[in-house]
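Peer 1: fold the following and give me the result.
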Amino acid sequence: MGATSGPPSPRKRLSSRLPPPAPVPFPLPPAVHPGSGGRRWRRGGAERGPMAELAAAEGPPRGRTPSPGPAPVPGGVPGPPSPRSAAPGASGTAPAASKWVRLNVGGTYFVSTRQTLCREPKSFLCRLCCQDGPELGSDKDETGAYLIDRDPTYFGPILNYLRHGKLIINKELAEEGVLEEAEFYNIASLVRLVKERIRDNENRTSQGPVKHVYRVLQCQEEELTQMVSTMSDGWKFEQLISIGSSYNYGNEDQAEFLCVVSRELNNSTNGIVKEPSEKAKILQERGSRM
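Peer 2: Residues are numbered from 1 along each chain as shown. Next comes the predicted model:
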């Protein structure tokens, strides 16, 4: 009597229903994205195999947070720039050209910085640069320069004073012209400086060059000592000349001399010499004996 087999186990029954696994070639070929025309499917610059496709389809494992994507590959194609970085002047710094100001003064162009022109806060030039608006009534030419209807010859000393703080005027320029321009541009410190220079020049001109007046006095030998000791009122001894002749005056021989004295004309007003004192009159009378 042959042996009879018992009923199949559930494990065998289940395995018999499953189809045999298909053989997997090794190595695995690269995956091809459907509809890509045979091109390899890349993401982030790297090839993706079947395992990567399966992981991407199933998503991250449960209980784990997805890790950030791969870092951008150096040399890859950059993305489009953000609107913030693409906008000009987004960094907050003004372009270098805005620091310079172009002025058209009477048809002559001057270029300077805003810092120089704003050195006097209450000046016209400072308001022109810092408060540009219709209230100032300042127009611009086709080059963007501010139009100022003033003499360009006298604008040079104004601009140089704002640059280094010194008043330098050429010989061919009048100080009154520089003063007029300083008052127009409302530069108070320059107005005071020009007025002081004009006042000093007027005082120097009124005094004029130093002049001297000379007197020649004739005296005898015994009068010489007294005459020199009594000179005053600005008279100064210059030279003593011996005439060389002697004569007998009583029992003594008397020699004669010529005494040269001078005085500065620094006490004159408009060319009019003041009345000399009594001592000066005596000296003049003695000199008139020649």
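Peer 1: from here on, just use CA atoms for contacts and neighbour counts.
Peer 2: Noted.
Peer 1: mind checking the SS state of the closest residue in space to residue 109 that isn't next to it in sequence?
Peer 2: Nearest residue to residue 109, sequence neighbours excluded (Cα to Cα, 6 or more residues apart in numbering): residue 103, at 5.5 Å. Secondary structure, DSSP: H, G, I helix; E, B strand; the rest coil: residue 103 is strand.
Peer 1: residue 103 and residue 150 touch, don't they?
Peer 2: No - counting by Cα atoms under 8 Å, residue 103 stays clear of residue 150, with 11.2 Å between them.
Peer 1: of these two, who's got more company?
Peer 2: residue 103 (21 against 15; other Cα atoms under 10 Å).
Peer 1: for that one, what are its contacts?
Peer 2: Contact analysis of residue 103 by Cα atoms under 8 Å, 6 or more residues apart in numbering lists 109, 110, 111, 145, 146, 147, 148.
Peer 1: under the pLDDT cut-off, which ranges of this structure? List them.
Peer 2: The chain contains residues with pLDDT under 70 at 1-98, 131-137, 206-209, 244-253, 266-290.
Peer 1: looking at the contacts of residue 103, which are in strands?
Peer 2: Judged by DSSP state E, strands contain the following of the contacts of residue 103: 109, 110, 111, 146, 147, 148.
Peer 1: give me the domain ranges for the chain.
Peer 2: Following automatic domain parsing, one gets these domains for the chain: 96-207, 212-287.
Peer 1: for the host helix or strand of residue 217, which strands pair with it and how are they oriented?
Peer 2: Per DSSP states H and E, residue 217 falls inside strand 212-220. Strands adjacent to strand 212-220 in the sheet, as given by DSSP bridges, are strand 252-264 (antiparallel).
Peer 1: can I get the CA coordinates of the partner strand in PDB?
Peer 2: Below are the C-alpha coordinates for strand 252-264, written out as PDB (Å, rounded to 0.1, in the frame of the first residue of the first chain):
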ATOM      1  CA  GLU A 252      88.800 182.900  19.100                       C
ATOM      2  CA  ASP A 253      88.800 181.200  15.700                       C
ATOM      3  CA  GLN A 254      85.200 180.100  14.700                       C
ATOM      4  CA  ALA A 255      84.600 177.300  12.200                       C
ATOM      5  CA  GLU A 256      81.300 176.900  10.300                       C
ATOM      6  CA  PHE A 257      79.400 173.700   9.500                       C
ATOM      7  CA  LEU A 258      76.400 172.500   7.500                       C
ATOM      8  CA  CYS A 259      74.100 170.100   9.400                       C
ATOM      9  CA  VAL A 260      71.700 167.900   7.400                       C
ATOM     10  CA  VAL A 261      68.600 166.700   9.200                       C
ATOM     11  CA  SER A 262      65.500 164.800   8.000                       C
ATOM     12  CA  ARG A 263      62.000 163.800   9.000                       C
ATOM     13  CA  GLU A 264      59.400 161.300   7.800                       C
END
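Peer 1: buried stuff in that strand?
Peer 2: Neighbour counts over strand 252-264 (16 or more other Cα atoms under 10 Å) mark 255, 256, 257, 258, 259, 260, 261, 262, 263 as buried.
Peer 1: what of stretch 178-187?
Peer 2: Buried residues in stretch 178-187 (16+ other Cα under 10 Å): 178, 179, 181, 182, 185, 186, 187.
Peer 1: what does that stretch rub up against?
Peer 2: Here stretch 178-187 has contacts from 120, 122-125, 154-155, 157-158, 188, 190-191, 194-195, using Cα under 8 Å, 6+ apart.
Peer 1: can you pick out the most distant pair from these?
Peer 2: 125 and 195 (21.0 Å; Cα to Cα).
Peer 1: out of these two, which sits in the busier spot?
Peer 2: Legend: neighbour count by other Cα under 10 Å for residue 125 and residue 195, higher for residue 125 (21 against 15).
Peer 1: so what's the more buried one up against?
Peer 2: With Cα under 8 Å, 6+ apart, residue 125 has these contacts: 117, 118, 185.
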